[in-house]
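Trainee: Here is a sequence together with a model predicted from it:
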Amino acid sequence: MLASAWEFTKRNKGKIIAGGVLIGSAIAYIQSSSGPKTLEKPHTSSELPNQKNVFCRIVSVAFGFSILTLTLKAQISILAADTCAQFEQRNKQPTWQNYLPESMSSMMNNKNISSISNPADNPMDVGNRRIFLQCVQYFTLRGIPELMEYVAESVSAELENWKLTDVKTKTEMRDFFDKVSYRISFSGLLTKLVAPLEGDGDNSSSVMKLLQKLTTNLESSKSIHVLNSLLDFYFSAALKMVATEQQSLVKYVPAFSNSLPVLTSTAFDSPLFNSLYSSDIHQFAVYVFNS
């Protein structure tokens, strides 16, 4: 029973990598079309002009990849649980054969073993699962631009009183990322970005039930905890690109700019790779499967 669920999971694991590439491309395209094509040389005035785009891109990549990872892991776990439940239901359904003597029942089972051991999937169920998996496209096409608006507002608010000449430690920069994340992570954020369901369709349909399970799990306290742990992979990787423990803010800009290829990479030991194989994301997948 669990073998089919595991095979399904392995078949769809590549979607997370592919989705990560799409998110990285989408963020780069949106910001390049809405701002300067190249990073301007940091100047020493007291204001933060276009340099704040670097901070926005780091936070956008961290949230975009982490939400994608959470969403696809939740989707796969929900579908695996749904498939297992269907198998169990088929095996538990009573029939008139349950009341036959044991000798006759075994004979009937031998005649029908092929149809019992290989029950055909309902084509409608298969179609509903495919539609459910494709709903993540809403996030990559509509959710990402909306997420970046929240990021831009939060970064601007946190940098309002900062100057390029201010000296900041790496710990203070990490606190900055945490404060920005706190501003962005309002209640209902993941539902709004991934699957807003207000007044959409028939709530009794199979697809809507799957979507409701998805949004319920994404808004759970377990999901928020895991999201924060996934963000840590990206913010820590960005700070590793900073050579010294303390320096002026203007010197952080080129270091963070150079960290973007690392943050959007799908290679071994990249933030995305570490997220996919983290114990937190595994525990979240098990939590969703059992919910």
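Mentor: Right, received. Where do you want to start? Residues are numbered from 1 along each chain as shown.
Trainee: next one: phi and psi at the residue nearest to residue 224 when sequence neighbours are not counted?
Mentor: Residue nearest to residue 224 in three dimensions, not counting chain neighbours: residue 185, with 6.9 Å by Cβ to Cβ, 6 or more residues apart in numbering. Heads up, the C-betas are built off the backbone N, CA and C, glycines and all. Main-chain torsions, residue 185, degrees, to the nearest 10: phi -80, psi 60.
Trainee: If I look at residue 185, what pLDDT would I see?
Mentor: With respect to pLDDT, residue 185 scores 90.
Trainee: burial measure for it, as a count.
Mentor: Neighbour count of residue 185, defined by other Cβ atoms under 10 Å: 16.
Trainee: quick one: what helix or strand has the residue nearest to residue 218 when sequence neighbours are not counted in it?
Mentor: Once flanking residues are discounted, residue 218 sits nearest to residue 190: 4.1 Å by Cβ to Cβ, 6+ apart. Residue 190 belongs to helix 189-194 when assigned by DSSP states H and E.
Trainee: residue ranges for the strands of the stretch 51-200 of the chain, please.
Mentor: 167-169 (DSSP state E, counting those that start in this stretch).
Trainee: name the helices or strands packed onto the helix holding residue 190?
Mentor: Secondary-structure packing of helix 189-194 (3 or more Cβ pairs under 8 Å, 6 or more residues apart in numbering; DSSP states H and E): helix 52-92, helix 144-158, helix 206-218.
Trainee: Could you look over the ones you listed and pick the most buried one?
Mentor: helix 52-92 (a mean of 21; mean count of other Cβ atoms under 10 Å).
Trainee: got the angle for that helix vs helix 206-218?
Mentor: Per axes from the mean of the first three to the mean of the last three Cα atoms, to 10 degrees, the angle that helix 52-92 makes with helix 206-218 is 120 degrees.
Trainee: now could you export just the CA positions of the helix holding residue 190 as CSV?
Mentor: C-alpha atoms of helix 189-194 as CSV (Å, rounded to 0.1, in the frame of the first residue of the first chain):
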residue,chain,number,x,y,z
LEU,A,189,0.0,34.6,3.8
LEU,A,190,0.6,31.1,2.3
THR,A,191,-3.1,30.6,1.4
LYS,A,192,-3.2,33.9,-0.2
LEU,A,193,-0.1,33.2,-2.3
VAL,A,194,-0.7,29.5,-3.1
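Trainee: Just the buried residues of that helix, please?
Mentor: Buried residues in helix 189-194, counted by 16 or more other Cβ atoms under 10 Å: 189, 190, 191, 192, 193, 194.
Trainee: Equivalent analysis for stretch 126-136, please.
Mentor: For stretch 126-136, by 16+ other Cβ under 10 Å, it's 128, 129, 132, 133, 135, 136.
Trainee: in terms of contact, does residue 266 touch residue 272 like I think?
Mentor: Yes. With contact defined as Cβ atoms under 8 Å, residue 266 counts as touching residue 272 (5.5 Å).
Trainee: which of those two has more neighbours?
Mentor: Between residue 266 and residue 272, counting by other Cβ under 10 Å, residue 272 is the more crowded of the two (27 against 16).
Trainee: May I ask which helix or strand encompasses that one?
Mentor: Following DSSP H and E, one finds residue 272 within helix 271-276.
Trainee: Contacts only, for residue 77.
Mentor: Contacts for residue 77 (Cβ atoms under 8 Å, 6 or more residues apart in numbering) come out as 285, 286, 288, 289.
Trainee: ok, it to residue 191 distance?
Mentor: According to Cβ to Cβ, to the nearest Å, residue 77 and residue 191 sit 17 Å apart.
Trainee: where does the chain have low pLDDT?
Mentor: The chain contains residues with pLDDT under 70 at 1-50, 89-124, 198-204.
Trainee: wait, which of the helices and strands packed on helix 189-194 is closest to residue 260?
Mentor: Between residue 260 and the helices and strands packed on helix 189-194, the shortest separation by Cβ to Cβ is 6.1 Å, and it involves helix 52-92.
Trainee: so the closest one versus helix 144-158, what angle?
Mentor: Relative orientation of helix 52-92 versus helix 144-158 (the same axes, to 10 degrees): 130 degrees.
Trainee: what's the closest of the contacts of residue 77 to residue 258?
Mentor: For those, the nearest to residue 258 is residue 285 (33.1 Å; Cβ to Cβ).
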